[in-house]
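Participant: quick one: sequence plus predicted model below, questions after.
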Amino acid sequence: MADFKTHSLIGIGIWAIFVLFLYFRHWDINLVLVSFFVSFLGSLAPDTDTPKSKIGKWLELIVFLSAFSFAFSSRFSFSNPFESLAHVFLVTITIFSLFILIRPRHRGATHTIKACAVYAILIFLWIYFWKGIWLGVEFSILAFLSYFSHLVLDSHIKFS
């Protein structure tokens with residue numbers, strides 16, 4: 001079993017090889033930074049399904065803060081602050097609880113080739129609309145390889 005540090009280092013290694021390739025084609029600091037984000041996130045993303053991982057804990061915090069922000073912005077009123085705070089609390093707890101309930105089991109849906117492909121497709125679409133098809137293809141390959149590296153390190157590859 002690989003840990004956060006190992007997954008991160010492998011993701012950074014894949015990114016470094018990608019940057020060498022990118023450097024000779026279209027050197028751009030924005031592309032370098034985005035490619036780091038894509039590779040780093042891809043190498044850690046499969047563990048979003050467990051609160052025991054660092055990225056899983058970050059995801060819980062992000063979901064909680066997002067739920068609170070949504071509830072506060074849509075429900076809070078200074079004319080009736082106590083009732084508004086009760087609504088904000090209930091909406092936040094409900095959204096966060098739903099997230100906890102629908103989170104897949106560890107080494108479930110996020111540890112599959114399908115999830116790997118979905119991540120690569122999402123990255124392709126993002127880069128395609130930003131920089132065009134060829135960079136979209138290159139970045140989707142980077143996304144696939146970084147995500148796949150996590151599955152290989154965990155020795156837990158599912159095809160469905």
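Facilitator: Structure received.

Participant: so which residue is dead centre in this protein?
Facilitator: For the chain, the residue nearest the mean C-alpha position is A45 (5.0 Å; C-alpha atoms, centre = their mean).

Participant: who touches that residue in this structure?
Facilitator: I55, T110, A115, Y119, Y147, H150 (C-beta atoms under 8 Å, 6 or more residues apart in numbering). The way it works is simple: take the backbone N, C-alpha and C, and place the C-beta from them, glycine included.

Participant: try 7 Å
Facilitator: A45 makes contact with T110, Y119, Y147, according to C-beta atoms under 7 Å, 6 or more residues apart in numbering.

Participant: buried set for the host helix or strand of the last one?
Facilitator: Going back to what we said before, that points to Y147. Per DSSP states H and E, Y147 falls inside helix 133-154. Neighbour-count burial for helix 133-154, counted by 16 or more other C-beta atoms under 10 Å, picks out 135-136, 138-140, 142-151, 153-154.

Participant: now do the helices in this protein.
Facilitator: Counting by DSSP state H, the chain has helices at residues 4-23, 29-44, 54-75, 81-102, 113-131, 133-154.

Participant: how distant is the fourth one from the center of its chain?
Facilitator: The gap between where helix 81-102 is centred and where its chain is centred comes out at 24 Å by C-alpha atoms, centre = their mean, to the nearest Å.
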